[in-house]
Every structure is written in structure tokens, then in C-alpha cells.
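Visitor: one predicted model, sequence on top.
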Amino acid sequence: MALSPSSNNDKAAGRVLLPLTINPTRYDITLTPDLTNFTFAGVVTVELQTTANVSTSNIVMHAKELCFSHASYIVKGGTAENEKHEAEEISVNFKSTTVSFGFTNPLPPSSTLLLTISYSGFLNNQMAGFYRSSYTNIHGETKIMASTQFESLDARRAFPCWDEPARKAVFGVTLIVPKELDAFSNMPELSHKTLEGGKKKELTFLDTPIMSTYLLAFVVGEFDYVQAQTAHGVLVRVYTPPGKSDAGVFALHCATKSLDAYDDFFGIPYPLPKLDMVAIPEFAAGAMENWGLVTYREVDLLIDPTKASNSQKQRVCTVVTHELAHQWFGNLVTMTWWDDLWLNEGFASWAENWAADVLYPQWSMWDQFTTGHMSSAMRLDALKSSHPIQVPIHHAEEVEEVFDAISYCKGGSVVKMIRAVLGMKAFQKGLGNYMKKHAYGNTETFDLWKAWEDSSGLPVQEMMASWTEQMGFPLVTVTDEKWESDKVTLTLAQEWFLSDGSPLSTEEKEKKWCVPILTCTEEGTQQDMIFMREKTATVTVPLSKGGWVKLNAGQDVPMRVKLTSTMIDRLSEGIKAKTLPPADRAALLTDAYALVKAGKMQPEGLIKLLSNYKHEDNYIVWESISEILGGLDAVMLDDPVMSKNFEALAKKIVLGLLGEVGWEAKSDDGHLDVLLRGMMIGLLSTFCYDDASVASEALKRFRAFQADHSDMKSLPSDMRSSVFKIVLKNGGAKEFEEVKDYFDQASDNAERKHVLSSLGHAPDAKLKTATLEWAISGNIKLQDFFYPMGGVRSSSCEGRNIAWTFLKQNFSAINAMVGNANASLMDAVIVSCAGGFCSNEKADEIEAFFKANPVPRSSRKIQQTLENMRSNAKFFASLQNSDLKSAEFWSSV
């Protein structure tokens, strides 16, 4: 039987869903994994409700890579309760990933059925469904464990089911495993029984709450753990590889504190009796929010207390707070369908920063948000190959292409904007009411808008439609200004911003957003806020002592701003004196860089604006400076003369920062100071690796580290990758082997990643090729094998060509490695090997290659990569036609 397009309403039209005449209410699943033969045996009993209008003798469920041996059902209650109806036909549809069980007679209407299915499956190595990972135990032996990754569409790889987010049910799980192994699921154990023969045990777990299939999880393997109880009474455990329980302590602290913070914020206690967090040796994403059993990449959960860098601690904290936000937003209240994925990921991207800021206010997470999440969102959303936050999804498989910076980062940016507009009180009240009303149910975006409208009295639906239902964001241009002694009056115009400045059609020129206009002056952020609903608006800002005014104060709105030269001149005083807040200082640069790329500002203006930041020492602002230096460097590589002149300027800027910050940690360093030093040494590895003093210092520290890998003073983790790069760039085969050897000596994945990201920077072409061959040799886990490719590609002009040639020559082998794995892995390979070029000719070549070698699940990523490339080609041409081509210009800055 074919799948049926839904026809509930216009929004749902075209969705391919399983028939709505049969609905699951409960699954009882028994699984017996075989970790030697990489298979599992399964029996599932599903309680089903048929509707009054059911008229079929078939039951259709989702299933993928499963083999079926038997299926039957009984009707619960009534006179024939014990009569078993055997399936006469079992047919699998590989294309639609479904199985159909055909019975002799039509299914009884308005009845409760108990459908029992026996089947088997494979513990694959693709990090999807019920899959296997390898790890090394405390005796140095290679062992196998099994775990799950079901989002979005892979619960069907572990058991036949209705694998759609709105088809919620209760799950009872039983696992039969070797007696020496640990096993756990979403809920605590109900019973623990040793089976006959004494070699296996049967673990049955308490029933889950009603939830979506993609949130079910189970793990089988050897683990140590640390545990603590939250102030509100929830037991939290962090499971680690044997012998590494100390590495779970930091994540445990973040989890217990943030779980209580979310309890208070939402006004609804965490609904499960326990929360487990597990480090998985092989994991495609960063983490997965399975209700009560959150799974993570090892590097995103475990912190070596003696080696961990500040950036790694921040990463672990924000991944933990992101996943725990999902325990409410996504798990307790779930989107009805994948087109509202942003309700899960956008909110969690906002909440991860909120909770991290509660735990560690000194980290300035909201300032970091503007140069991190928001910048990522705007880079992608300025492309015509972007998509709306609320993107139509017809076939569920399409959702794999929208787990991107739009759903996560733009979604989070829009939530941040709403909070700024509503104020925290109405924002929080609306969220609490939304959670209470829709607990254990499914929602669409308008349900959230309605909750905020009720709590604030503002027309949220009307305000927000332009931000979530259309792609892109506005450029707000100051078209006129009138400065007076006590105020300034600005005339504003908005238009759709595109990264390459492409001319807009008549229809595209009409696009508009409801833009909150927030301003700040030397006196601080102005309380009055206007909404720019039309193409133009006028705003008057009071000034008590002349001075400057900045639009989009605090960067609460995801938009670009084009200021007048007078405004920039006035703001230069706020930049130099640092009276303009860090996020706003950073934004002036990123806006200017985007405007230059789009041809809406002269390149010379950007370089001159940079000169105002000579004495800048704030990490947030340097995130923007670093992004611009890196972007200009990549684009100018194809013009050796211009590139050399730019690199001389960049070197001067970075060495200036080195003079301020230094190599050595200081006793009064804060979190952001440590991050800044790490960033600075990264910039040294790009622009100053050939400086004699830099090269000498890096080599000295590298040699000390070689002599003693526990020497954290000579080579802290924050600078390790960058020092490896400097040594590699100045070295040869000897240094290449020394860095590579550390991969096998390193104690954890975070340390191995330093090698993976740096090795491709060895200057010799043969060593670059050797790096790429190592990447696909099988010696690097699939979750990480693209990192060396990105290192080669980003190392130089030659590196770009070597990486692209390697992908073309080895495409079949790479595709076989990741073809059935999470689509994000192939996306990463494509960006790592084919990204970075700045010519239309190369874009045409890459486009032709992927037409001849299609990768349907990565088609959107390929489109975006090509558009970026062509945008950079246009940018490169504009630089060549500017004063930046002349030596006189560079000597003047």
C-alpha cells in the first residue's frame, strides 16, 4: 500500500505520511543485540487504535534494513480476544522505507489491536539507527558497544514503527545483553533478571511518557559513571568510558545546575525520574536529546581536568545546556512535523546561551552569540540558496537538509529578538503557558506566537511572519540624517540583503520585514523602540552631549545596517574609547565587511575602519576582526601581489595584538582573555608563522611538549593546534611525522583533533596528499575523517587544488564510506574538499562534477557552496578593481 499525502490543511498539503486510520498508542520492544556478529533480534508488540473509517486489510509501518519473520495481531477486548490473525503477506518497500503486513480480512474499525512482529536487524557502522562503535578498554583491547541515533528518521532501523513526530506513544523497552555489560534506556530499570545459563541478563525498563519515536534510546557497553542529585531531586549521571569517570565531572556540574535553572524558568519540573548523559565513541552529530538518555560525542561531554582548554569547557557547557533545553522544548512539547524543526533547534540555540550565562556570567555568552550564532545565520541566509526558518517539508527525508544554521542559529537569533521586543517577563510567562498547555503534545509555530501574544498583548504573529515565513533578512540603510544639539533624526530604508549584491527583481524589491529599531548612544541603550513595518521609516534619537548613535543596539535583530560616513566618523570615537559596547564594536566591522562583499561599500572604507581598532583587546571584537582577516585572506590568495600586501597589514595587526596579550598566561586572565590568546595564536599560524620570533617560540614550546605531553604550561590546549600548524609550516617530513605520531599517543579525542585539524598545513604537496590518504585509510573514525581534508584545503592555494582533486579521484570510495550515514558527514566532506575557491570557472567545474556524480541528500549544501564561491569570485573581481590593487594604498594604511 502506498503512503498517503496528508490533506488536513494547506500547510500539510503534500506531506507524505502513513495512513491516519491506524494509530499506535504503545510499543513493547524486546531487543537482543549480538556484538560479535553485529546483528540484533527483535520482537515488538504495538497497541493500535483503528478509526471508524478504516477500510483496509494492510498495516503499513516504517522500517529500514530490517528482516521480518512473522507478524500477527489479536483484537483486544470483545468476544474474539484470543483469536490470532496471522499476516499472510509481508512486503518491504525500500524506496519509501516501509513494510506492509497483509491480512486475510479487513481490520476491524474502532478497535484496539495488539500487533506482534518478530524481526532482525544489523548493528551498522553508519552512526544511524541501532549501531555499533568501537572503543579501547582499560586493558588496551578493542571492544564493541551499541547505541542509538534515531533523529530524524532512523527509529525505523531498530524497530518497525510510525516514525513521525506527531505519532506519539508510550514505550516499554526490554534489552537482553551479556551479563558483564551495562545497558540503559530512557527510563530507570524496572527489573533485572539473569537468564538460564548465566551468560545473559534481561533488563526491563519503566514505561516512558508518551513521546515521539525519534526520542527513544538505548545503549549497551562498558561504562564508569559519576552522579549527583539536582537541588530539585533529579538523579543525574554522566557515563564515561571505563577509567575516565573524572572526565564527566564538569558536564555533570553543568547538567545539575542547568536542569534546576530550566525547572524554574519554565515553571514545569523536569518530568522524568532520572537524566543520563552518555559519551559515545562514534557519533555523527554533537549530541542527541533523547528524553532521559542524552547521547554525546566524547569531545562534547568529557573534559580532561588537567588538559581541557577554555574553549572546550565552553563547548561542553553549551552542548549540555542545548540538549537539556530540549527536554522541555522538543521532548515535552514536540513540533507536529519537520517543517517546524526550528521550534526545537532555534529555541534550544537561544536557551543554551541563556543557561550558560546563568552558570558562567563572566563568559559574556550573549555578546559571543552575536559573533557566533548570529554571524553564522547571516552568512548562510544572505544566499539565494538559503531557506525560510519554516521550510515546507513534504517527504520527511528532506529534513536532513535543514539541520543547518538557519534552523539553529537564525532560529535562535529570532528568539533573542522576540525576547528583546517583549521583555523577559512577558517572554518567560508566554513560554511557561505554552509548555503547560501543550505538555506531551505537538505544536506548530502559531501556537508559540499565540502564547506570546496572550502574555504580551503585542501582535506577535504579524510581527514574526516576515522573519520565519520568508528567507533572508533586511539591510537597513540610513538615507538621510539631521544632527541637532540634542537629537538626531534618521531616515531609514529597508531592502533584502544578498551577499553578492545581486540586483533585485521588481517583486524582490517589495520584500520587507517588521524590523524593531533599537538604538544606543554614549548614554546607553535608548528605551524607545519603533517598528519599521514599511519600506521606509524615520527615527529620532535624543543626544545629551552630541556624540554618536548606533542602530541595532546590542545586535538583537538579525539584519545588516549601512551607516552614513558622518555616523561612522562619530562612531570611531566610541570605538577608540571603547564606550561603544563590544558586540556593537564587532558588528560595525562585520556589517562593513558584508557591505563590501555585496558591493555596497568601497573596500578602502573597510580597511580604514579597521585602523580604528588598533588598540582593541576584547575577545568579542577580535572574533569579528579574525573573521574579516580570514575572509579577505582566502579571497585574495589568487592574486599573489595583493595577497602579499594584505598579509603584511594583517601581520602588523596580529603582531600588535601579540604585544598586548603575549604567549604566557597571566594570573589575572579571565575566560575571555584565555580565548583571545588562543585566537591570537591561531592568527599567528596564518599570518605570522614565518616571523622568526614566532617560529622560534612555537618550536621551543613544541619541543617541550614532545618531551613531556603532560606539560600544559609550555603548550596549553587552547594553542596546541595553532602551534602544530606553525611548526608544520616551517618544517618538513620529520615534523609531519612527529605531529602525526601524537594522534596515537593522545589520551582522548579532543587531543587527537589537534592533529586532525593541523596536519594538512605541512607545506609539501606530497605530505598534503599523505594527509588526505590517511583520512580515508580507516585509521580515523568516520565522525572525524573530514577534519584533515579541511586542513589541507584551508592551508594554501595549492592545498585547495590538492583537496579538490583528491575528492574527485576518490569520490566512489568516500561515498561508499558515508553513503548510508548521517547526511552531515557528506556535507562536511564537500565543504572540506570543494569549498574555498573564489572563481566562477571552479564553481562551474564543481557543479558539473556533482551533476555527473549526484548526491541528492547534499544538494542544498552543494548549491550553497557554489553560490558562496560565485559570490567570492565577484568580491575578488571588485577588490582587483579597487585601490587595494595599488602598492600606494597599502603603504598609506
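Guide: Alright, I've got the coordinates. Numbers count the residues shown, from 1 in each chain.
Visitor: ok, which stretches of the stretch 401-550 of the chain are helices?
Guide: 411-422, 424-438, 445-456, 460-468, 506-509 (DSSP state H, counting those that start in this stretch).
Visitor: if you could redo that for the stretch 551-700 of the chain, that was the one I meant.
Guide: 565-577, 582-597, 603-610, 619-636, 640-661, 671-687, 692-707.
Visitor: adding mean pLDDT and distance to Pro242, write those out as a markdown table.
Guide: Any C-beta I mention is one placed from the backbone N, CA and C, and that applies to glycine too. Shown next, in a markdown table, are the helices of the stretch 551-700 of the chain (pLDDT from 0 to 100; distance: least, C-beta to C-beta, whole Å):
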| stretch | mean pLDDT | distance to Pro242 |
| --- | --- | --- |
| helix 565-577 | 93 | 53 |
| helix 582-597 | 97 | 44 |
| helix 603-610 | 89 | 51 |
| helix 619-636 | 96 | 37 |
| helix 640-661 | 93 | 40 |
| helix 671-687 | 97 | 31 |
| helix 692-707 | 97 | 27 |
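Visitor: deepest in the core, which of those is it.
Guide: helix 582-597 (a mean of 24; mean count of other C-beta atoms under 10 Å).
Visitor: can I assume Pro581 is in contact with Asn552?
Guide: No. Applying C-beta atoms under 8 Å as the test, Pro581 and Asn552 come out as separate, 11.8 Å apart.
Visitor: now the terminal residues of stretch 299-313, how far apart.
Guide: 10 Å (C-alpha to C-alpha, to the nearest Å).
Visitor: and it, how far from the chain's centre?
Guide: Relative to its parent chain, stretch 299-313 has a centroid offset of 19 Å by C-alpha atoms, centre = their mean, to the nearest Å.
Visitor: for stretch 154-163, same thing?
Guide: What separates the centre of stretch 154-163 from the centre of its chain is 24 Å, taken as C-alpha atoms, centre = their mean.
Visitor: who touches it?
Guide: For stretch 154-163, contacts defined as C-beta atoms under 8 Å, 6 or more residues apart in numbering pick out 18, 23-24, 27, 29, 31, 40, 42, 44, 46, 61-66, 68, 97, 99, 117, 119, 121, 124, 128-130, 148, 150, 153, 169, 213-214, 216, 396.
Visitor: low-confidence ranges in this structure?
Guide: 1-10, 78-81 (pLDDT under 70).
Visitor: if we use 50, what do you get?
Guide: Confidence mapping of the chain against pLDDT under 50 gives the ranges 1-8.
Visitor: quickly find the element holding Asn331.
Guide: When elements are assigned from DSSP states H and E, Asn331 belongs to no helix and no strand.
Visitor: need phi/psi at it.
Guide: With angles defined as degrees, to the nearest 10, Asn331 sits at phi -90, psi -50.
Visitor: burial check on it, number of neighbours?
Guide: Asn331: 24 surrounding residues under other C-beta atoms under 10 Å.
Visitor: look at the nearest residue to it once chain neighbours are set aside and give its secondary structure.
Guide: Once flanking residues are discounted, Asn331 sits nearest to Trp291: 4.4 Å by C-beta to C-beta, 6 or more residues apart in numbering. What DSSP: H, G, I helix; E, B strand; the rest coil gives for Trp291 is coil.
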